[in-house]
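[1] here's my sequence, what's the structure:
(one chain, ligands or ions: 2)
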Amino acid sequence: MSSILAFPDDLATQFGPYLPPANTDDLPSVTLTFASSLDSALSLAPGTQTLLSGPLTKAMTHYIRTFHSAILVGASTAISDDPGLNSRLEGAKRQPIPIVLDPNARWGITESSRVVQTAKQGKGHAPFIIISSNRWDDEVVVERRNMLQKYGGGYIGIDVDNLGRFKWEDILSRLRQELRIESLMVEGGANVINSLLEDEKSRGFVDNVIITIAPTWLGKGGVVVSPERRPNGEGQYTPPRLKEVKWIPMGDDVVLCGKLHP
Ligand SMILES: NC(=O)c1ccc[n+]([C@@H]2O[C@H](COP(=O)([O-])OP(=O)(O)OC[C@H]3O[C@@H](n4cnc5c(N)ncnc54)[C@H](O)[C@@H]3O)[C@@H](O)[C@H]2O)c1
Ligand SMILES: Nc1nc(=O)c(N)c(NC[C@H](O)[C@H](O)[C@H](O)COP(=O)(O)O)[nH]1
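    Ligands and ions are numbered 1, 2, ... in the order given. So this is what the prediction gives:
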């Protein structure tokens with residue numbers, strides 16, 4: 001199991017303006033955070049977990065996780081990484097609830113999955129998996145739901161659109177209504193991030209962006225963050241640009257903090 005991490009106070013204090021505000025709105029605040037190569041790749045290939053963060057930026061991720069009520073990843077990340085989706089920060093005061101977007105119930109979660117083991121050991125929460133409503137009664141989903149409910153986790157069924165995708169407004173409103181999630185950390189992978197950045201409406205839900213940039217190129221064939229260009233209502237495409245930008249050198253990496261709309 002990964003080590004307990006420490007994050008120095010002089011670095012931690014620099015993140016204040018980019019941490020989630022106290023939130024009484026009807027949707028969670030959203031922080032988009034991931035680690036990227038110089039060629040905007042999150043991993044060498046789909047399904048290949050690739051270490052990009054150095055020790056300090058890894059500790060930063062675990063520090064930021066303690067400020068969020070939930071952490072969200074896509075099904076392919078859950079399948080390939082078997083993640084813990086908890087904070088392994090020394091003295092972590094809070095653990096985020098893991099959320100996995102898995103419309104077709106592809107993730108074969110079992111009692112031995114790391115995220116379930118972490119919950120059983122009291123070092124994190126059991127996950128909630130968001131599946132397409134029409135999968136709710138699938139036999140495997142019922143079995144997995146019964147297993148997860150033993151540890152306080154479960155499933156949430158949401159209708160998908162004609163492309164088999166959930167609308168972010170539906171994801172966020174259900175997380176707020178059913179799990180009282182006030183702040184959500186979206187950690188990837190690229191498919192999830194591109195879907196969130198794709199159009200003005202879904203980008204409108206993103207408050208803070210924290211990106212670790214590692215000094216390496218992963219080359220062609222990587223899993224890349226580069227959203228589709230969806231024109232707005234007037235047929236215009238305006239590239240999203242971060243504001244209130246801050247660059248924080250951290251070991252060999254640099255961390256880019258910003259806001260999509262201050
Ligand atoms: N470097 C990082 O910060 C980082 C973070 C997370 C994952 N990763 C890596 O990224 C790779 C996985 O990324 P990926 O892009 O292949 O997959 P992903 O983790 O983004 O999962 C994609 C799946 O999520 C679901 N999904 C995503 N958006 C959805 C939506 N709007 N509605 C419904 N379902 C939706 C779909 O099932 C889709 O197939 C792995 O190799 C992992 O190690 C890296
Ligand atoms: N910040 C960051 N730096 C990296 O170098 C890297 N590969 C990831 N990837 C994010 C993805 O979420 C994790 O690889 C797994 O999900 C494991 O995460 P855990 O800590 O076990 O929860 N994230």
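
[2] per-residue pLDDT, the residue of the chain most remote from its centre?
    Here the chain reaches farthest from its C-alpha mean at Glu234, the gap being 30.7 Å by CA atoms, centre = their mean. Looking at Glu234, its pLDDT is 91.

[3] contacts only, for whatever residue of the stretch 101-250 of the chain ends up closest to ligand 1.
    The nearest approach of the stretch 101-250 of the chain to ligand 1 comes at Gly189, 1.9 Å away (CB to the nearest ligand atom). For every residue, glycine as well, the C-beta is placed using N, CA and C. Gly189 makes contact with 34, 42-43, 73-74, 76-77, 223 under the criterion CB atoms under 8 Å, 6 or more residues apart in numbering.

[4] farthest pair in the residues you listed?
    Across the contacts of Gly189, the longest distance by CB to CB is 13.7 Å; it joins Phe34 and Ser76.

[5] those residues of the chain touching ligand 2, which are they?
    Proximity of the chain to ligand 2, by CB under 6 Å from any ligand atom, involves residues 35, 49-53, 61, 73, 77, 81, 83-85, 187-188, 212.

[6] residues making contact with stretch 162-174?
    With CB under 8 Å, 6+ apart, stretch 162-174 has contacts from 26-28, 30, 72, 101, 103-104, 130, 132, 156, 158-161, 184, 195-196, 201-202, 205.

[7] swap the cut-off to 7 Å and go again
    Contact with stretch 162-174 is made by 26-28, 101, 103, 130, 156, 158, 160-161, 195-196, 202, 205, as judged by CB atoms under 7 Å, 6 or more residues apart in numbering.
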